[in-house]
Structure formats: C-alpha cells, structure tokens
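# based on what follows, work out the 3D shape:
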Amino acid sequence: MNEKQRLRKELLAARKAMPPQEKAWRDEAISRRLLDWLEAHPVRSMGVYWPHAGEPDLTPVYPELVARGVTLALPVVVKRDAPLEFYAWRPGEALVKDAHGVMAPSGRDCPVEPELLLLPCVGFNEEGYRLGYGGGYYDRTLAAMPGVQAIGVSYAAGKQCFDSHEYDITMHLVFTEFDAFPS
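Alright, predicted model coming up:
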C-alpha cells in the first residue's frame, strides 16, 4: 500500500466514524463559508456534487444557489479514462446511480460547462492538491477545463502532507469547517 492509499484509507475511516451531530455542524459551517464566499465572487454556473462516502453534505444550500440564479450541474462518468461531463440539475429532479454508485442526473439533455467546480476531497495538502478516491476523474476534468475555478471541499482533518504527481492539478481554494486554504 503506497502513501496515498494508506492516507486515503485512514481519512475515509475517520469520516465514517464521525458522529452524525458533529458531521451536521461541520457541514453547516462549510456551507456558510461557501455562501459567504459566493457573495463576493458570484458565478452563473457551478459543478456541484451529490455526497457519498461521508463527504461534506452541501445539498441544503443548493436551492439557495438556484434562487440566486446559479445553474447547477452534477458530474457524470462517461468513460473510465475520460474527464467528467456535467449536466444541468435542479434540487428535486430525479437522480440515478452511476457505475460507481454516485448519484447523477437522470436527464442528460442539457450539458453545462461550469465556471466553478466544487470538488469533494478525501484530503488535501498545503499546496492545494487534492487527495480523491484514486480514479483521477477530477484531475482529467481539470486538465480539460483549464479556465474553471476549482474549489475543494473537505473537513479540516483532511489537511495532510503528501506528495503530488505530475498529472495532479491544484485547486484554487479549499473550504473546511474552520478556514479556507490558502487563507
């Protein structure tokens, strides 16, 4: 097991062990931080995610984003070694599980090129590199969308020391329940 695999396993286990009340206040704090930041940095379209595997749950703020006029889009895995594609979605619309068990829009008739991507992170480092699940989907996506703002979402415990690789792409910012990196 290499360094990233070990770290991923430890962080996922810690996330899974987090008590529900603790997770709820942490998710709310991250959500508030995101909404405050968007007040000063508005966007028209945003690639969001549907939480799984204990990721921070920002879904309660999605209706507010839509009310602000933001077009939301959820990612879809089209092919194993391809970038993610994003399709418009509104809270309340049907979702289906994709090949990885992640919820994705059932309707795929409205592709979106988001201005901003929210990236769920298992972990991240001081330089703004993301530790994900190891499939490379978001790195391929960021490489294919060089102008997009990449905003990581993680619990503060996810801030770790690990080396990046040549194919890794940095995020512009990472929101946690306590801070934003770089601050």
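
# how about residue 133, what does it touch?
8, 53, 122 (CB atoms under 8 Å, 6 or more residues apart in numbering). (Each C-beta comes from the backbone N, C-alpha and C, glycine too.)

# how many neighbours does residue 52 have?
13 (other CB atoms under 10 Å).

# now residue 179
For residue 179, the neighbour count with other CB under 10 Å is 12.

# quick check, pLDDT for it.
As predicted, residue 179 sits at a pLDDT of 89.

# sorry, back to before: which of the contacts of residue 133 scores worst on pLDDT?
Ranking the contacts of residue 133 by pLDDT, residue 53 lands last with 91.

# mind checking what secondary structure residue 128 has?
Assigned by DSSP: H, G, I helix; E, B strand; the rest coil, the conformation of residue 128 is coil.

# so where's the chain uncertain?
183 (pLDDT under 70).

# returning to what we had before: just the buried subset of the contacts of residue 133, please.
Among these, those classed as buried by 16 or more other CB atoms under 10 Å are 8, 122.

# now the contacts of residue 133 as JSON lines including distance to residue 131 and secondary structure?
Converted to JSON lines, these look like this (distance: CB to CB, whole Å; DSSP: H, G, I helix; E, B strand; the rest coil):
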{"residue": "8", "distance to residue 131": "6", "secondary structure": "helix"}
{"residue": "53", "distance to residue 131": "13", "secondary structure": "coil"}
{"residue": "122", "distance to residue 131": "5", "secondary structure": "coil"}
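
# could you dump the contacts of residue 133 to TSV with distance to residue 154?
As requested, the contacts of residue 133 are exported to TSV (distance: CB to CB, whole Å):
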residue	distance to residue 154
8	12
53	13
122	8
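
# tell me which residues are up against the biggest helix by length in the chain.
The longest helix of the chain (DSSP state H) is helix 20-40. The contact list for helix 20-40 (CB under 8 Å, 6+ apart) reads 18, 54, 56-58, 60-61, 64-65, 68, 70, 118, 151, 153, 155, 173, 175-178, 180.
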